[in-house]
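J.: Sharing a model that was predicted from the sequence below.
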Amino acid sequence: MSQLKSTSQDMGSPVSNEAYDVISALATKLEGLEAYRKYAQDGRSDLWQQLSRNELPAVDWLISELERLVQEGRFRMRSPAQTG
């Protein structure tokens with residue numbers, strides 16, 4: 001029984017909740033940029049290029065935040081044994 005409990009505890013995400021949130025937001029922004037690129041091929045490229053330019057500061061901010069989490073050692077989920 002204790003082996004099952006230990007195994008289920010190890011099944012969580014290897015990254016912290018904070019890092020996961022930043023990664024998810026960044027992925028969403030990057031998917032949006034890719035969609036804008038595709039839409040620009042269909043016409044009104046000025047519209048999609050402007051929307052892309054508007055998104056780039058948020059993408060840069062999220063990348064910086066992810067780098068900060070890594071540098072501060074807050075990227076990975078910590079096990080109870082590591083918190084001491």
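T.: Perfect, I can see it now.

J.: Now name the helix or strand holding the residue positioned nearest the centre of the chain.
T.: Centroid-nearest residue in the chain, with C-alpha atoms, centre = their mean: Ile23, separated by 0.7 Å. Following DSSP states H and E, the helix or strand that holds Ile23 is helix 17-42.

J.: Remind me what that helix packs against, helices and strands.
T.: Under the contact definition 3 or more C-beta pairs under 8 Å, 6 or more residues apart in numbering; DSSP states H and E, helix 17-42 sits against helix 45-71. Every residue, glycine included, has its C-beta placed from N, CA and C.

J.: residues of the helix it packs on that come out buried?
T.: Neighbour-count burial for helix 45-71, counted by 16 or more other C-beta atoms under 10 Å, picks out 48, 52, 59, 62, 65-66, 69.

J.: How about stretch 70-77?
T.: By neighbour count on 16+ other C-beta under 10 Å, the buried set for stretch 70-77 is Phe75.

J.: hey, C-alpha coordinates of that stretch in PDB?
T.: C-alpha atoms of stretch 70-77 as PDB (Å, rounded to 0.1, in the frame of the first residue of the first chain):
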ATOM      1  CA  VAL A  70      14.900  29.300 -13.600                       C
ATOM      2  CA  GLN A  71      17.600  31.700 -12.300                       C
ATOM      3  CA  GLU A  72      15.900  31.800  -8.800                       C
ATOM      4  CA  GLY A  73      15.500  28.100  -8.700                       C
ATOM      5  CA  ARG A  74      11.700  28.300  -8.700                       C
ATOM      6  CA  PHE A  75      11.200  26.500 -12.000                       C
ATOM      7  CA  ARG A  76      11.000  22.900 -10.700                       C
ATOM      8  CA  MET A  77       8.500  21.500  -8.200                       C
END
